[in-house]
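In: Dropping the sequence and predicted coords here.
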Amino acid sequence: MYRGLLGDFFLVRHAIGSRVFKMLIDCGVLQCIGPETAKPSTAQGKERIVANVADFIKETGGHVDLVVATHQHYDHLSGFILAREKFETFTIDKVWMAWSEDRTDKVANGYRNKMKKALAALAGLALNPRLAARSDSMQTVNDLLQFYGGLESIREDALGLAKPADDGKLGGNASCEAVLAWLRKRAGAGNVSFLKPGDVVRWGLDDVFRAYVLGPPRDDVLLRKLAPSKSNSEVYLARSEDVATVMGLAAIHGETGSESDGKEQPFTRLHQRRYNRGDKTDKAEPAKTESELAREQIIKLYETKAQNFDRWIDDEWLGSAESLALKIDGDVNNTSLALALELTDKRVLLFPGDAQVGNWLSWGRQNYPADDKPGGAVLRIEDILARAIFYKVGHHASHNATLRERGLELMTNSSLVAMIPVVEETAREQKTKKSPKGWAMPYDNLYGRLNERTGGRIIRGDGDTTTEQDKLKGAVFELSYGADFKDKDPLWAELRLEIG
């Protein structure tokens, strides 16, 4: 695990003598949203991941057998953008992505097209300085959009205006969509697999190991279930009314780059009126009609009076934009490719990406072939999780990305070790009016239970190396660290396991 990042960057290797199989699972870091003076730890992310990528290229010789891209978020893919010069000659044999990224899958295309339409509208609103400067909701929207790349690149991708990525080159403002396209092109179409739940795929030298594909689900309800139940209530995302409201706002205020047909306007065409908000021209204007004069008076009255209030009616509408942005963010997490990497001795390494509740719950919906014999024995998720000796903790140990009864409590192997790609200082810097203490990563209750389940064998992206080494004494894994980025701050932590 590459350290010092609020983002995932993992290298899995299988070695026999001088032969080495190399698998890269994600490569990203949270970008600095807001002034660097307020977020000094976050601002260091770019320098850190560039140094990490340089080390990674050296460790791998600039080639990997397999890249696993779990989902479309900046903190999982931005390394390919921020350190793009170091990836110019990087070679890939194969790529694994979730079925939700398959351009030939009708269900996946339906989800993606809906998301793109909403992202285009949100980006259009965020590019309007009048709205962004005034509204707390729009600040949240702008922050969340940073998880997909720059606003202009998001809009271009969503509207189909983005240029195809050149082989070996990504722009400095590339979107996550562009990164996935770059990975597909770099590996070649015949070497990209879009994995579905229940699939079993091979990895390692001579394909000696198996991997169980746990998620994301194809069930719509589970794909949209983001949070634990509370009083029988559920949290779903991308409600049609939120999309409609945001599209209407974008048609009025946005910079979407496309003409509206008027269908998304909040009023029928009969009652629609232009709202230029003080646009001026030097050209002589014809005499105004009584209707136009009335319209101007209404606008003048609205804008004059609104300055005396804390909120405009626009701000109420923008609450839907914030809600939609939050839901899309969770939805993308829930499309994470979740894998259980099985070793020849049947022990398991669990990599769930940032899967949220619905993704985890779906793992029990299918059986998994225990061997390669047609019609042979099958495994249930309980069997697989009971074999887990390694858990890459989901979503930086946030509150809703590790299931309890159907997740961590099923990881009963006494050898369990956890790795958390987190920098708590960076998480706490992400303060807003609604979250004055920043992000709770790691979440206290989850972290406490992880500590109990692992016997304290937790390796963190910001961990104390002396403490971690003490805790790993006698464990099935041997722990070591890479060269220091700064004093007592190594670039990576490695767990090594001998397999008989």
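Out: That came in fine, so what should we check first?

In: in the stretch 51-200 of the chain, which ranges drop under the pLDDT threshold?
Out: In the predicted model, the stretch 51-200 of the chain carries pLDDT under 70 at residues 129-135, 150-168.

In: That one: strands as residue ranges?
Out: When secondary structure is read from DSSP state E, counting those that start in this stretch, the stretch 51-200 of the chain shows strands at 63-68, 91-98, 192-195, 200-203.

In: Tell me which of the ones you listed sits nearest to Ser480.
Out: Across the strands of the stretch 51-200 of the chain, Ser480 has its closest neighbour in strand 63-68 (20.5 Å, Cβ to Cβ). No exception for glycine: its C-beta is placed from N, CA and C like everyone else's.

In: Partner strands of the closest one, with direction?
Out: Next to strand 63-68 in the sheet, as set by DSSP bridges, lie strand 19-27 (parallel), strand 91-98 (parallel).

In: Same list (the ones you listed) but as a markdown table, adding mean neighbour count and distance to Lys434.
Out: Shown next, in a markdown table, are the strands paired with strand 63-68 (neighbours: other Cβ atoms under 10 Å; distance: least, Cβ to Cβ, whole Å):
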| stretch | mean neighbour count | distance to Lys434 |
| --- | --- | --- |
| strand 19-27 | 20 | 28 |
| strand 91-98 | 20 | 30 |
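
In: Rebuild the strands of the stretch 51-200 of the chain as CSV, extending it with distance to Ala397.
Out: Listed next are those as CSV, based on distance: least, Cβ to Cβ, whole Å:
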stretch, distance to Ala397
strand 63-68, 20
strand 91-98, 22
strand 192-195, 25
strand 200-203, 26
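
In: Could you point out which of the ones you listed sits nearest Pro217?
Out: Of the strands of the stretch 51-200 of the chain, nearest to Pro217 by Cβ to Cβ is strand 91-98, at 10.2 Å.

In: The closest residue to Val423 other than its chain neighbours: helix or strand, and which one exactly?
Out: In this structure, Val423 finds its nearest non-sequential neighbour in Asp462, 4.4 Å apart by Cβ to Cβ, 6 or more residues apart in numbering. Counting by DSSP states H and E, no helix or strand carries Asp462.

In: So what's the residue count around Asp462?
Out: 18 (other Cβ atoms under 10 Å).

In: again, but for the one 4 residues further on
Out: The burial count assigned to Thr466 is 9, neighbours taken as other Cβ under 10 Å.

In: The strands paired with strand 63-68 into a markdown table, with extra columns for distance to Thr42?
Out: As requested, these are arranged in a markdown table below (distance: least, Cβ to Cβ, whole Å):
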| stretch | distance to Thr42 |
| --- | --- |
| strand 19-27 | 18 |
| strand 91-98 | 28 |
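
In: Now that Phe477 has come up, it's in contact with Arg496, right?
Out: Yes - with contact defined as Cβ atoms under 8 Å, Phe477 reaches Arg496; the gap is 6.4 Å.

In: And these two? Which one has more around it.
Out: Phe477 (17 against 10).

In: need the contact list for that one.
Out: 389-390, 417, 495-497 (Cβ atoms under 8 Å, 6 or more residues apart in numbering).

In: pLDDT below threshold where in the protein?
Out: In the chain, residues with pLDDT under 70: 129-135, 150-168, 226-286, 299, 301-319.

In: Residue most distant from the centroid, it?
Out: Ala287 (54.3 Å; Cα atoms, centre = their mean).

In: Now do the phi/psi pair for Arg406.
Out: Reported as degrees, to the nearest 10, the phi and psi values for Arg406 are phi -100, psi 20.

In: Renumber starting at 306 from here on
Out: In the new count, where the first residue is 306, that last one comes out as Arg711.

In: Return the distance of it relative to Ser667.
Out: 10 Å (Cβ to Cβ, to the nearest Å).

In: which of those two has more neighbours?
Out: Ser667 (24 against 15).

In: How about residues contacting stretch 393-407?
Out: Residues external to stretch 393-407 that are found in contact with it (Cβ under 8 Å, 6+ apart): 362, 367-377, 410, 413, 416-417, 473-474, 485, 488-489, 491-492, 496-501, 506, 520-521, 523, 640-642.

In: Please check those and keep the buried ones.
Out: For the contacts of stretch 393-407, a burial check counting by 16 or more other Cβ atoms under 10 Å picks out 362, 369-377, 410, 413, 416-417, 485, 488-489, 491-492, 497-501, 506, 520-521, 523, 640-642.

In: and Arg652, how many neighbours?
Out: Using other Cβ under 10 Å, Arg652 has 17 other residues around it.

In: close enough to count as contact, it and Ile689?
Out: No - using Cβ under 8 Å, Arg652 is not in contact with Ile689; the gap is 10.4 Å.

In: picking up where we left off before, return the distance of the residue nearest to Val728 relative to Ala745.
Out: Counting by Cβ to Cβ, the gap from Asp767 to Ala745 is 15 Å.

In: Then Asn357?
Out: In terms of Cβ to Cβ, Asn357 sits 25 Å off from Ala745.

In: thinking again about what came up before, which stretch among the strands paired with strand 368-373 approaches Gly339 most closely?
Out: strand 324-332 (23.5 Å).

In: Counting only strands, which of the contacts of Phe782 make the cut?
Out: The strands, defined by DSSP state E, take in 694-695, 722, 800-801 from the contacts of Phe782.

In: Make a PyMOL selection of the buried ones in these.
Out: Buried members of the ones in strands among the contacts of Phe782, defined by 16+ other Cβ under 10 Å, are picked up in PyMOL with:
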select buried, resi 694+695+722+800
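
In: one step back: which one of the strands of the stretch 356-505 of the chain lies closest to Phe452?
Out: strand 396-403 (16.7 Å).

In: neighbours of Pro741, just the number please.
Out: Other residues close to Pro741 by other Cβ under 10 Å number 7.
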